[in-house]
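[1] Requesting a structural model of the entry that follows:
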Amino acid sequence: MLLADDKTNTGTEVPHDDHHGESTPFLQDTATWVLIPFLAVVVLFWRMGVHKTLGGALDKRGKEIADELDQARTLREEAQELLAKYQRRQREAEDEAAAIIDQAKRDAKRMGEEMHAKLEEQLERRARAAEDKIARAEAQAIAEVRNKTADLAVAAAEQIVKSRVEGPVQSNLIDKAISDVRQLLN
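    The predicted model follows:
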């Protein structure tokens with residue numbers, strides 16, 4: 001090593017004397033005094049079983065961590081199963097809702113068709129009833145016209161017979177003609 005206060009550099013180095021090259025006695029070396037207590041502590045710990053205690057503690061902690069990991073894995077699997085179960089239920093509920101909607105549409109269509117058929121049937125019944133009523137009214141009108149016509153014919157015949165026949169013969173003939181005409185009409 002060079003001296004820092006040597007300002008004249010003549011090209012020759014002057015070594016500084018720091019006990020280089022000399023060996024220090026074993027007991028005077030500081031490394032020895034650090035090593036001895038360290039070894040003593042290590043041996044003491046070894047004899048006291050600190051390494052077993054530490055190993056046991058580490059093993060115990062490792063087992064706890066492994067158990068926690070297993071528990072977390074189990075919880076994760078349960079959560080996935082629950083998720084799958086709820087997704088399945090959701091799909092089933094969606095399928096059921098779609099089926100209900102489809103059934104409701106079919107029911108509504110069927111009910112519409114039934115209502116349409118009932119309405120047509122009711123209209124046909126009413127049309128038939130109206131036609132029957134009209135036919136009855138026509139028959140009644142025809143019967144009334146016949147009755148009126150018969151009454152008029154009888155009255156006219158009576159007038160004609162009265163004007164041509166006189167006396168008791170006339171009365172008998174008129175009565176017989178009236179009863180004959182009435183029997184024909186009834």
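[2] helix or strand right after the host helix or strand of F45?
    Using DSSP states H and E, F45 sits in helix 30-48. Going down the chain from helix 30-48, the next helix or strand is helix 50-164, by DSSP H and E.
[3] and the angle for that next one with helix 30-48?
    Angle, helix 50-164 to helix 30-48, by axes from the mean of the first three to the mean of the last three Cα atoms, to 10 degrees: 60 degrees.
[4] Show me what helix 50-164 packs onto, helices and strands only.
    With contacts defined as 3 or more Cβ pairs under 8 Å, 6 or more residues apart in numbering; DSSP states H and E, helix 50-164 has these neighbours: helix 168-185. In short, each C-beta sits where N, CA and C put it, glycine included.
[5] Any stretches of the chain with poor pLDDT?
    1-22, 161, 165-170, 185-186 (pLDDT under 70).
[6] try it again with 80
    For the chain, the stretches with pLDDT under 80 are 1-24, 26-27, 50-51, 150, 153-178, 180-186.
[7] Closest to the centroid, which residue in it?
    E94 (3.3 Å; Cα atoms, centre = their mean).
[8] Pull the contacting residues for it.
    For E94, the contact set (Cβ atoms under 8 Å, 6 or more residues apart in numbering) is empty.
[9] any idea how far I100 is from it?
    11 Å (Cβ to Cβ, to the nearest Å).
[10] go on, K85?
    22 Å.
[11] again, but for A117
    25 Å.
[12] and I174, how many neighbours?
    I174: 16 surrounding residues under other Cβ atoms under 10 Å.
[13] what's the spacing between it and R106?
    78 Å.
[14] With L58 instead?
    L58 is 70 Å from R106, by Cβ to Cβ.
[15] cool, G56 as well?
    In terms of Cβ to Cβ, G56 sits 73 Å off from R106.
[16] ok, now V50?
    Taken as Cβ to Cβ, the span from V50 to R106 is 82 Å.
[17] Settle it for me: which of the two has more neighbours?
    Counting neighbours by other Cβ under 10 Å for V50 and for R106 shows that V50 has the greater number, 13 against 10.
[18] show me what contacts the more buried one?
    Going by Cβ under 8 Å, 6+ apart, the list of residues near V50 is empty.
[19] From A57, how far out is it?
    When V50 is compared with A57 (using Cβ to Cβ), they lie 10 Å apart.
[20] Kindly report the same for I174.
    Distance from I174 to A57, by Cβ to Cβ: 147 Å.
[21] for R136, same thing?
    Distance from R136 to A57, by Cβ to Cβ: 114 Å.
[22] likewise E77?
    30 Å.
[23] and what of T24?
    Distance from T24 to A57, by Cβ to Cβ: 41 Å.
[24] With R73 instead?
    24 Å.
[25] Report the buried residues of stretch 45-56.
    Within stretch 45-56, no residue counts as buried by 16 or more other Cβ atoms under 10 Å.
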